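Q: The amino acid sequence is not available; the structure is as follows:
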């Protein structure tokens with residue numbers, strides 16, 4: 001991990017052994033294998049994470065902020081290859097400038113049936129990011145960790161089904177669902193989490209509900 005900053009080394013060491021919350025544990029039956037790239041960089045505002053904005057017309061997770069990623073295809077050699085390919089397709093990330101640090105335990109998205117393997121990486125040679133297919137991705141954003149950890153940007157959102165989970169209001173986006181749950185885990189593992197008001201609950205706004213209905 002030559003050149004990897006100290007602030008990321010601890011997370012890279014701890015993440016592969018992280019405890020998966022019960023709500024994200026894969027079921028005994030087979031799930032649909034997929035992968036996401038959790039890409040940390042050092043931007044103008046300090047350490048950051050790359051997120052993409054899903055297109056509003058997608059059948060699954062429409063309109064939601066997310067990590068670059070998708071289904072593992074037959075041509076992929078595994079989750080690492082799939083995560084790097086998807087990041088290149090969705091956000092124009094050059095894989096040659098990315099150093100993969102760790103593969104995290106598989107997490108499960110119950111609404112879509114995907115088993116998601118997060119691939120933790122360091123963006124040692126960042127480049128510009130631009131949406132690939134506009135039908136799939138409408139935006140790419142490097143979100144500073146300081147914004148994600150800021151208690152003023154954190155809340156709990158309730159789905160009409162009765163479930164609730166962490167969320168973040170950053171860069172004009174509401175990050176919720178699976179992506180927010182993973183960010184929440186990473187902030188805690190990395191030692192960046194700050195005390196926040198977990199009792200601050202809100203219902204999902206209408207636009208998020210519309211995307212959830214299509215997921």
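A: Arrived safely. Predicted model only: the values in this text are computed from it and were never measured. Residues are numbered from 1 along each chain as shown.
Q: who are the neighbours in contact with the residue lying closest to residue 95 once chain neighbours are set aside?
A: Leaving aside its sequence neighbours, residue 95 sits nearest to residue 84 (CB to CB, 6 or more residues apart in numbering; 4.4 Å). Heads up, the C-betas are built off the backbone N, CA and C, glycines and all. Neighbouring residues of residue 84 by CB atoms under 8 Å, 6 or more residues apart in numbering: 37, 93, 95, 98, 100, 119.
Q: Check the offset of the helix or strand where the first one lies from the chain's centre.
A: Going back to what we said before, that points to residue 37. Residue 37 belongs to strand 32-43 when assigned by DSSP states H and E. The chain centroid and the centroid of strand 32-43 are separated by 6 Å under CA atoms, centre = their mean, to the nearest Å.
Q: Would you mark the buried spots in that strand?
A: For strand 32-43, burial by neighbour count (16 or more other CB atoms under 10 Å) applies to 33-43.
Q: low pLDDT regions in the protein?
A: 1-2, 28, 55-63, 207-215 (pLDDT under 70).
Q: Spell out the residue ranges of the strands in it.
A: Remark: strands assigned in the chain by DSSP state E are 32-43, 46-54, 65-66, 69-71, 98-103, 107-109, 114-123, 137-144, 154-158, 164-170, 173-175, 201-203.
Q: can you tell me which of these comes nearest to residue 192?
A: Evaluated with CB to CB, these place strand 46-54 nearest to residue 192, the distance being 8.4 Å.
Q: how far out from the middle of the chain is that closest one?
A: For strand 46-54, the distance to the chain centre is 8 Å (CA atoms, centre = their mean).
Q: Now do that strand and strand 137-144, the angle between them.
A: Counting by axes from the mean of the first three to the mean of the last three CA atoms, to 10 degrees, strand 46-54 points 160 degrees away from the direction of strand 137-144.
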